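J.: When you get a sec, could you give me coordinates for this:
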Amino acid sequence: MSLEIKDLEQRYGDKEVLKGISIDVDKGRMVSVLGPNGCGKSTLIRTVCNIMKPYSGTVCADGKDISVTDPKEFSKIVGYVPQKYIPSDYMKVLDAVLIGRAPYVSWSYSDDDFRAAFEAIKAMGIFDLMDRNVNDLSGGQIQKVVIARALTQNPKYFVLDEPTSALDLRNQMAALRTVRTVVEKGETGALVALHDLNLAMHFCDEVVMLKDGRIYRSGPPCETIDEDSIKAVYGVSSEIVEGKNGLYVHIVEDPVDFEE
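T.: As a prediction, the model looks like this:
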């Protein structure tokens, strides 16, 4: 059983953004999508999350085409964490997290729903924020709330778009470790778009490196993230260094100019 992306193509008008993307995300595994700005990571995530319909190709969850799945049922399958979340209403943090239980609720929230929300809030370390309005939180705090909502949703697959972009170093590690712990139970899988190669090295079972909307290389992090692939995909020189806790990427050359 897996989240299967097969021969996916995506376009904005006449502009081809993704070409021939095939990725399998098995339950119990965490797969990271890597690549520079504009390579198609967010477009891929939005397509997998049914925000955009594929130009061609398919996205199936456990054999079911998600593009024709009922929205409520889809919410039980995919837990989406966007790159940016802008709250539109003044809502308490607890209420925002509880929204994750909406696919399972008939009339009102049950004790099990509240229990799931409290467990997610505890996992994300935001008990002290429960009674605050989401609109009054910092970007990093909001990101933790949105991840907690996805955990509360208890989906078959997590699909996360830069879930640590607004978090400091400690909270980046804590957030991905929380998702990793849930995934390791074997009942769900995760597809995560990341910029940080070291986070992908440390937390993911597989990485998929995109370049110009195509898969440049994919496989286990230690075999896929190397000096050659980093140079080809990001245009910078690097070293893969072995530390006491495993391999990590050390960038040894910074580009002088912004990429045009």
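
J.: Spatially central residue in this structure, please.
T.: Geometric centre of the chain, nearest residue: residue 160, 1.8 Å, by C-alpha atoms, centre = their mean.

J.: And that residue, how close does it get to residue 79?
T.: If you measure residue 160 against residue 79 using C-beta to C-beta, to the nearest Å, the figure is 8 Å. In this view, the C-beta of every residue, glycine as well, is placed from N, C-alpha and C.

J.: Can you check which residues contact both of those two?
T.: residue 150 (C-beta atoms under 8 Å, 6 or more residues apart in numbering).

J.: Per-residue pLDDT of residue 107, please?
T.: Among the per-residue scores, residue 107 holds a pLDDT of 82.

J.: Measure how buried it is and give me the count.
T.: Residue neighbour count, defined by other C-beta atoms under 10 Å, stands at 5 for residue 107.

J.: now do residue 239
T.: In terms of burial, residue 239 registers 12 neighbours under the definition other C-beta under 10 Å.

J.: Now it: closest residue in space, sequence neighbours ignored.
T.: Closest residue to residue 239 apart from its sequence neighbours, by C-beta to C-beta, 6 or more residues apart in numbering: residue 250 at 4.6 Å.

J.: Residue 241 is in contact with that neighbour, correct?
T.: Yes: in this structure, residue 250 sits in contact with residue 241. The criterion is C-beta atoms under 8 Å, and the distance is 5.0 Å.

J.: one step back: could you measure from the residue nearest to the centre of the chain over to residue 215?
T.: Counting by C-beta to C-beta, the gap between residue 160 and residue 215 amounts to 19 Å.

J.: same deal with residue 85?
T.: Spatial separation of residue 85 from residue 215 under the definition C-beta to C-beta is 28 Å.

J.: Equivalent analysis for residue 231, please.
T.: 17 Å.

J.: ok, those two, which is more surrounded?
T.: Neighbour totals were compared for residue 231 and residue 215, and residue 215 leads with 18 against 13 (other C-beta under 10 Å).

J.: Quick one: classify that one as helix, strand or coil.
T.: Each residue gets one of three states, and residue 215 gets strand by DSSP: H, G, I helix; E, B strand; the rest coil.

J.: At which residues are the helices of the stretch 1-150 of the chain located?
T.: 41-48, 71-77, 93-98, 111-123, 139-153 (DSSP state H, counting those that start in this stretch).

J.: wait, I meant the stretch 151-260 of the chain
T.: So, for the stretch 151-260 of the chain - with DSSP H, counting those that start in this stretch - the helices run 169-183, 197-203, 221-224, 227-234.

J.: how about low-confidence regions in the protein?
T.: 88, 253-260 (pLDDT under 70).

J.: If we use 80, what do you get?
T.: Applying pLDDT under 80 to the chain flags residues 1, 85-89, 253-260.

J.: and residue 55, backbone torsions?
T.: Residue 55 adopts backbone torsions of phi -70, psi -40, taken as degrees, to the nearest 10.
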